[in-house]
Structure formats: C-alpha cells, structure tokens
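# Fold the following and give me the result.
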Amino acid sequence: MKLFQRYYILFLVLICVPTSIYSMVTDNRYFPWFNHPYNGTDHQHGCLKVDPFFITGTSSWKIKPGVRQIDQETGFPDLQGELDYYQLGIALEMDGKENPIPSDWRNVNDFPMLMPGSFQGQGISFAGYVPLTKHFGIGGTFLFLRLMSQANILPAPTTIKQLNLAAPGNQARLTQLTQDFEAIVGTQNGYIIETGVGDVDLFIRFFDVREYIFYCRKMDTSVAVGLLIPTGVQESLYSIASVPFGGNGFWGWYIAPDLEFELKEDWKLGIVARVQKRFARTVLSRIPIADESALFAPVIGNLNVNPGTTFMFAPYFALEDIREGLGAMVQYTVVAHLADSFTDEREVKTPAANFTNMLANSSWVSEYVTVEGLYDLSFGQPWSYKPLVTLSLDLPLSLLGARGSAKTARITLGLTVDF
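The predicted structure is shown next:
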C-alpha cells in the first residue's frame with residue numbers, strides 16, 4: 001500500500017512538470033533561480049513544494065566593478081556591453097548603413113550612453129521529489145513568471161559635457177539621434193511585459209542517510225544528475241529590456257552533490273554544490289563587428305554559442321523548533337559562470353565579427369544571502385504529513401566579488417509538504 005501511495009504521488013508530480021514546477025536554473029545572471037535546499041526532512045522522504053514569489057531589480061554589478069559605489073553598479077542592459085554611439089556609428093558604416101551622428105558631433109570619439117533599467121515580476125514555482133527505493137529518487141522543478149521590464153538610454157556625464165547638452169536644442173538632437181539609431185538597428189528601449197514559463201529541470205538523485213555517525217545525529221549525502229529542458233522565455237533581439245527566464249533556449253545537464261548534517265536535535269548544517277553545462281547551439285543573434293554593444297549590433301545572422309560551465313556553492317544552517325514549531329534558516333550562495341565561446345556561422349562573413357566584448361561580458365559571478373523563517377504546521381499534531389510554511393528573502397551582495405550579474409531581490413512565501 002505504501003509503495004502504491006508513492007507511485008501515485010510520483011504520478012501527480014510528473015503531470016505537474018509540463019505545467020508549473022520551481023526552477024533550479026543557476027546559470028541565469030538576471031534572477032536568483034537557485035533552490036533553497038532545506039525542507040525539514042531528509043532524502044528518504046518525498047516532498048511537494050509550492051512557492052509564490054515576487055522579484056525586483058533596479059541595478060546590476062558591473063562586468064569590471066571599481067572601488068567606488070558609482071563604479072560598481074550599472075543598468076542590466078549594460079551586461080551585454082556598454083553602449084557608445086561613436087562605436088555604433090562605426091559599426092553601421094562597416095555594415096554599409098548610414099551613420100546618423102550629425103557631422104558636427106563626429107569629432108567626439110568617446111560617446112558613452114547609459115542604459116539604466118529595472119524589472120519587477122510575480123510568479124509561482126512548484127517542485128516535486130519522490131524516493132523510489134532506499135537510495136534512489138526522482139524529481140522535477142519549474143516556474144511561471146510575469147515580468148515587467150524597463151530600460152532607457154541616457155547620456156553619460158562625459159557625453160553631456162562634450163556635446164554641451166545644456167545648450168538650447170542639443171538635448172532634442174540627442175533624443176532624435178537615439179530614435180534614428182533604434183530605427184536603423186531595429187531595436188528599442190522602453191517597457192516590455194513578458195509572461196511565460198522557465199526551464200524544466202528533471203533529475204534523478206542517489207542518496208544515503210545514516211544515523212549517529214561522525215558525532216552527528218544524522219548524515220544525509222546525495223548526488224543529483226539533472227536535465228535542463230529549454231522551455232523558458234527567450235530574450236528578444238528587438239528590445240533592450242528583454243531578458244531570458246531560463247537558459248535562453250539551450251539544453252543542459254548538471255551534477256549536484258548535497259551533504260547535510262543534523263549536528264544535534266533541530267540543528268542542521270548543509271552544503272550544496274553544482275556543476276552545470278549547457279550544450280552548444282546555433283542561434284539567430286546579433287553579431288558585433290566593431291566595439292558596439294551586442295544589443296545594438298546591426299548585423300543579425302547565425303551564431304554558434306557554446307555556453308561556459310557554471311559552478312554553484314551554497315552552505316546553509318537551519319534551526320528547527322526554536323519555539324513551538326518556529327524555525328529559521330540562513331544560506332549563502334555564490335554562482336560563477338565561465339566565459340562562453342562564439343563562432344560566426346554566416347554564409348558570408350563580411351563584415352568580420354568582433355567577439356572581444358562578447359567574450360568579456362559573458363562571464364559573471366553572483367552572490368546572495370538567504371534568510372528564511374519556518375513554521376511547522378504539524379507541531380503538536382499527530383499528522384503523517386509534515387506541512388512547512390516558509391517566508392524567505394534572497395538579497396544580492398558582494399563578498400567575494402560579484403560582477404556581471406543583476407542585483408535582483410526575491411521574496412518567497414512557500415508551502416512544503418513532506419511525506
């Protein structure tokens with residue numbers, strides 16, 4: 001009968017996977033999609049998890065952050081390369097297009113523009129895990145998100161000074177220049193609303209749970225091997241405010257070891273690691289030919305992208321039953337993504353591609369601290385299932401040197417049922 005119950009729950013998990021379950025996609029530089037591994041039990045027990053959440057982000061860590069605060073942060077569109085109208089004008093000329101920069105401004109060879117941006121979103125995520133034997137289980141994760149993003153184009157302080165934008169008419173000329181660039185390149189700034197799902201994460205897990213070992217009440221060791229299915233919303237080539245919800249259309253796999261010690265009753269210390277790799281794929285993409293931002297590259301063609309490897313490390317500490325079912329958990333997460341590689345696969349490779357900036361901008365590091373409150377609804381109740389209510393806050397920080405990633409905060413109100 002117990003085996004039948006487990007397979008019935010497994011069936012419920014699997015039918016949920018194609019519609020709505022919570023993502024552990026760690027290689028997205030815009031969102032903290034990493035999981036909160038602590039769920040109040042060990043891998044001998046299954047769980048179902050539902051997490052409504054809210055995310056917000058107003059800035060990003062620069063690719064090469066400086067010491068001062070103003071030199072550390074930038075807008076999230078700048079993660080694809082800083083915008084310089086002088087370099088963009090050169091790229092247009094190389095591609096045989098008109099350079100819209102007025103003749104009396106063409107002597108300005110340093111023409112930086114800022115791209116401040118922000119986004120807010122609401123979503124719901126689901127996860128399911130079922131142990132099938134004493135040492136083997138399977139699970140899946142997925143999410144649904146509605147995201148409103150906004151990005152503008154503003155002159156940098158040096159541009160304001162060099163173009164004397166305080167003079168009558170010059171600001172209007174710059175605004176028209178921005179509109180001309182966008183019309184020629186085929187992109188735009190402003191608002192965009194994207195609604196859809198994230199990538200599906202399906203995994204198998206091998207685990208071993210032992211009691212009273214290494215001076216601990218319990219030790220739970222496991223390793224998961226997972227497949228990432230690229231069902232997530234992909235970024236648009238025609239809006240600088242668009243961001244991908246998952247791995248931007250790339251299949252992937254990962255291996256994730258997990259170790260948790262119950263030091264003494266209600267005291268738990270754990271470590272989660274992960275190595276993740278997306279498979280190479282040829283996509284239709286903007287291809288830089290000068291030193292222009294990849295978001296504004298005038299050339300669009302076939303580009304083979306081989307994503308870099310992503311590494312994650314997340315230690316955590318949890319206290320259960322501090323007072324009548326109340327508990328708390330704190331987690332630190334660092335994610336490092338190595339540089340991608342690019343190959344121009346256009347039939348006619350003229351003008352020649354210049355991937356220097358794309359290579360430099362494709363590697364990034366993000367860091368987060370998670371603070372979570374827990375409440376065991378089954379405290380004092382003779383229930384066979386253990387519902388756990390959680391309220392968590394993920395906050396971006398830079399202890400080891402976060403760079404090239406969005407500073408996105410996430411608030412999650414979750415319900416986990418263990419069985």
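# The stretch 301-419 of the chain: helices as residue ranges?
In the stretch 301-419 of the chain, the helices defined using DSSP state H, counting those that start in this stretch lie at 356-361.
# And the chain, by the same measure?
For the chain, the helices identified by DSSP state H occupy 2-16, 85-94, 157-162, 170-185, 356-361, in order along the chain.
# CSV please, covering those and showing mean neighbour count.
C-betas here are computed from N, CA, C, even on glycine. Output for these, formatted as CSV (neighbours: other C-beta atoms under 10 Å):
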stretch, mean neighbour count
helix 2-16, 13
helix 85-94, 21
helix 157-162, 14
helix 170-185, 16
helix 356-361, 17
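# looking at the ones you listed, which is closest to residue 341?
Ranking the helices of the chain by distance to residue 341, with C-beta to C-beta as the measure, places helix 356-361 first at 7.5 Å.
# Quick check: mean pLDDT of that closest one?
Mean pLDDT, taken over the full extent of helix 356-361, equals 94.
# Look up the closest residue to the residue most central in space within the chain, ignoring the ones flanking it.
Taking C-alpha atoms, centre = their mean as the criterion, residue 28 is the residue nearest the geometric centre of the chain, at 2.6 Å. The spatially closest residue to residue 28, leaving aside those adjacent along the chain, is residue 246, at 6.4 Å (C-beta to C-beta, 6 or more residues apart in numbering).
# and the one you found, what is it in contact with?
Residue 246 makes contact with 23, 25, 28, 33, 198, 199, 228, 230, 231, 232, 233, according to C-beta atoms under 8 Å, 6 or more residues apart in numbering.
# Among the residues you listed, which pair sits farthest apart?
The most widely separated members of the contacts of residue 246 are 228 and 233, with 14.6 Å between them, by C-beta to C-beta.
# Between those two, tell me which one has more neighbours.
A side-by-side neighbour count of residue 228 and residue 233, using other C-beta atoms under 10 Å, places residue 228 first with 29 against 20.
# Bridged to the more buried one, which residues?
For residue 228, the beta-bridge partners under DSSP bridges are residue 201, residue 252.
# and if you look at residue 119?
Here residue 119 sits in beta bridges with residue 57, residue 149, going by DSSP bridges.
# Give me the mean pLDDT for stretch 411-419.
Averaged over stretch 411-419, pLDDT sits at 90.
# again, but for stretch 217-232
Stretch 217-232 comes out with an average pLDDT of 95.
# Just the pLDDT at residue 98, thanks.
95.
# give me every residue that touches it.
Neighbouring residues of residue 98 by C-beta under 8 Å, 6+ apart: 92, 184.
# again with the one 5 residues further on
Contacts of residue 103 were listed using C-beta under 8 Å, 6+ apart, and none were found.
# gap between it and residue 411?
Separation of residue 103 from residue 411 (C-beta to C-beta, to the nearest Å): 52 Å.
# Likewise for residue 117?
Note on residue 117: its distance to residue 411, by C-beta to C-beta, is 20 Å.
# The two: which is more packed in?
With other C-beta under 10 Å as the criterion, residue 117 and residue 411 differ in neighbour count, and residue 117 comes out ahead with 25 against 14.
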